[in-house]
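> predicted model and sequence follow; I will ask about them next.
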Amino acid sequence: MTEHTALYVYALLPDRPDRRGAADGVTGIDGRPLRLVRVPGASVAALVHDAPPSPLQGGDDQVRRWVEEQSRAVDAVWERTGSILPMTFNVLVAEKPPPEGRPAAGRSAEQRLTEWVTEQAADIAGQLEDLAGRCELRVDITVDRAAVITGDAGEAGEDAPEDRPDGLSPGMRRLMAKQREHRARNAAGQFADTLHAETRQRLLAVAEDYRDRSPTHRAAGETDVLCAALLVRQEDIDTVGTVLNELRVRQPAVRIRFLGPWPPYSFIDTRHRTQAEEMAP
């Protein structure tokens, strides 16, 4: 069996007397028990499990399962601590064997990790303080093109007379279908532009930060309005929900996906991740 000479790092979190049991009973990838590595004098701890000094490798389904297990572990500890800086998948800190003839020059994985955290303690602690009591919400809004068209004055949910296919050739019916789809796309695009400006402004009135994201879900026949990550205080989650519900009531053509709360993955300065990755084998 490969010796565990590395630490798999899940996250950094505040080290406070009332939170030192934050990892108790929490398991991570493949059910491995997690523990905290404390950094004396830094008020920061690292969430880790002991690991062999080689990255996890597997097929797509296996990697997807590992990522989900890592996320669940981070979420569980975040719920107990209120602030966390998650690492990406497969961040390892390995031991540094001593050069030949200099045994005292070697460093264990835990020593290397605590030394690095000590060097970055002020920046890490500052980020943890800034994110305390905050969470990430994700909002994905689209409009149903058919609903936009049927809601237009004068359409009344029916085709215009010239669009009715009775007696027309198959080629003409296809042409007219394309024309209807073109009109629907144009109408939905104009409607979406108006909704985007209005909804973004209302969400920014609640959120402390806002990041545009690439669309993650779109059904056939829908046009994007916005896809965003929001940084909000925990106590403002319901307010965001109210804004979205009011939009849904006022605009029946709108389709909304409202996800979270999660640790604020999209709002973390990633310098600490890059530097930690440099300590991998």
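Right, received. Where do you want to start? Here the structure is a predicted model, which means the values were calculated and not measured.
> all helices of this protein, in order?
60-81, 109-119, 121-131, 145-150, 170-204, 237-250, 271-277 (DSSP state H).
> can you name every helix or strand that the second one contacts?
Applying 3 or more CB pairs under 8 Å, 6 or more residues apart in numbering; DSSP states H and E, one finds that helix 109-119 contacts strand 6-14, strand 35-39, strand 44-51, strand 92-94. Just so you know, the C-beta spots here come from the backbone N, C-alpha and C atoms, and that holds for glycine as well.
> contacts for stretch 28-39 next, please.
7-8, 10, 13, 15, 20, 22-23, 26-27, 45-51, 56, 66, 69-70, 73, 77, 110, 113-114, 117-118, 121 (CB atoms under 8 Å, 6 or more residues apart in numbering).
> switch to 7 Å and redo it
By CB atoms under 7 Å, 6 or more residues apart in numbering, the residues outside stretch 28-39 that reach it are 10, 15, 20, 22-23, 26-27, 45-49, 66, 69-70, 73, 110, 113-114, 117-118.
> which of those residues are buried?
With burial judged by 16 or more other CB atoms under 10 Å, the buried subset of the contacts of stretch 28-39 is 10, 15, 22-23, 26, 45-49, 66, 69-70, 73, 110, 113-114, 117.
> coming back round to it: can you redo the helices and strands packed on helix 109-119 as a markdown table with mean pLDDT and distance to Val206?
Shown next, in a markdown table, are those (pLDDT from 0 to 100; distance: least, CB to CB, whole Å):
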| stretch | mean pLDDT | distance to Val206 |
| --- | --- | --- |
| strand 6-14 | 95 | 26 |
| strand 35-39 | 94 | 34 |
| strand 44-51 | 95 | 30 |
| strand 92-94 | 92 | 38 |
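> so which of those strands is the most surrounded?
Ranked by mean neighbour count, those are led by strand 6-14 with a mean of 25 (mean count of other CB atoms under 10 Å).
> need the contact partners of that strand.
Outside strand 6-14, the residues within contact range by CB under 7 Å, 6+ apart are 22, 28, 34, 43-53, 70, 73-74, 77, 81, 83-87, 91-95, 109-110, 113, 124, 128, 272, 276, 281.
> isn't Gln70 right up against Asn90?
No. In this structure Gln70 lies outside contact range of Asn90 using CB atoms under 7 Å: 9.1 Å.
> in stretch 196-206, what's buried?
Buried, per 16+ other CB under 10 Å, within stretch 196-206: 199-200, 203, 206.
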